[in-house]
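Student: I'll drop the sequence and a predicted model, then ask my questions.
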Amino acid sequence: MSTTITGFKLLDPSCCTYYAEQAFAYPVPGPGEKWGPWFMHPEPAQPDGKDCGPGGWHIMKSLDSRYAPVHWWPWAAQGRGIVGESEVKARVHEIRLRRISRAVFWRALRLGWGKGADLRWAKLKGANLQKANLWGANLANALTDGAIGLEAE
């Protein structure tokens, strides 16, 4: 049995990521489904220990938008068949996604997901972030209008 790794996939509003200006649309859960289907990379790479490169799907191990499309949204991700990994991300042969609702995302930030997170371009408009630990978080270009608990110090 293959090891399962968990983390995040940051997708644009059409559930896509982009490479060389080409969109890839990820299969997501249908109505009433908790997880989307497992799907295999069409050209799986041999394990090489590298967290980035062709032949695998990339999973961020924490909320880190450095490689995300603009106007991203986080999805929970599970991956199998590790090609390579680092402290930041993993590259896997198979992946499946689970929707993270706005309320769950905002609550998770209050419970510590945001500490040191790279939240550039995050959609936090109207979020209740009181008592959220966002120490060291990068909120550059984040949409924070009306967010509670982000008062300037």
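Tutor: Received the coordinates, thanks. Numbering: from 1, shown residues only.
Student: Next one, pLDDT for Ala25 please.
Tutor: pLDDT recorded at Ala25 is 95.
Student: How many residues are close by it?
Tutor: 11 (other C-beta atoms under 10 Å). Where you see a C-beta, it was placed from the backbone N, CA and C, and this is true even at glycine.
Student: Report the contact partners of the spatially closest residue to it that is not a sequence neighbour.
Tutor: Closest residue to Ala25 in three dimensions, ignoring its sequence neighbours and counting by C-beta to C-beta, 6 or more residues apart in numbering: Cys16, at 5.0 Å. With contacts taken as C-beta atoms under 8 Å, 6 or more residues apart in numbering, Cys16 has the following neighbours: 23-26, 69.
Student: Mind checking what secondary structure Leu109 has?
Tutor: Classification of Leu109 by DSSP: H, G, I helix; E, B strand; the rest coil places it in helix.
Student: sorry, that was for Val104
Tutor: Assigned by three-state DSSP, the conformation of Val104 is helix.
Student: Distance of it relative to Arg98?
Tutor: If you measure Val104 against Arg98 using C-beta to C-beta, to the nearest Å, the figure is 10 Å.
Student: Those two: who's more crowded?
Tutor: Comparing Val104 with Arg98 by neighbour count (other C-beta under 10 Å), the higher total belongs to Arg98, at 16 against 12.
Student: Apart from its chain neighbours, what residue comes closest to that one?
Tutor: Setting aside the residues directly before and after it, Arg98 is nearest to Ala76 in space (C-beta to C-beta, 6+ apart), at 4.1 Å.
Student: Could you list the domains of this structure?
Tutor: Segmentation of the chain into domains, based on automatic domain parsing, reads 4-99, 112-153.
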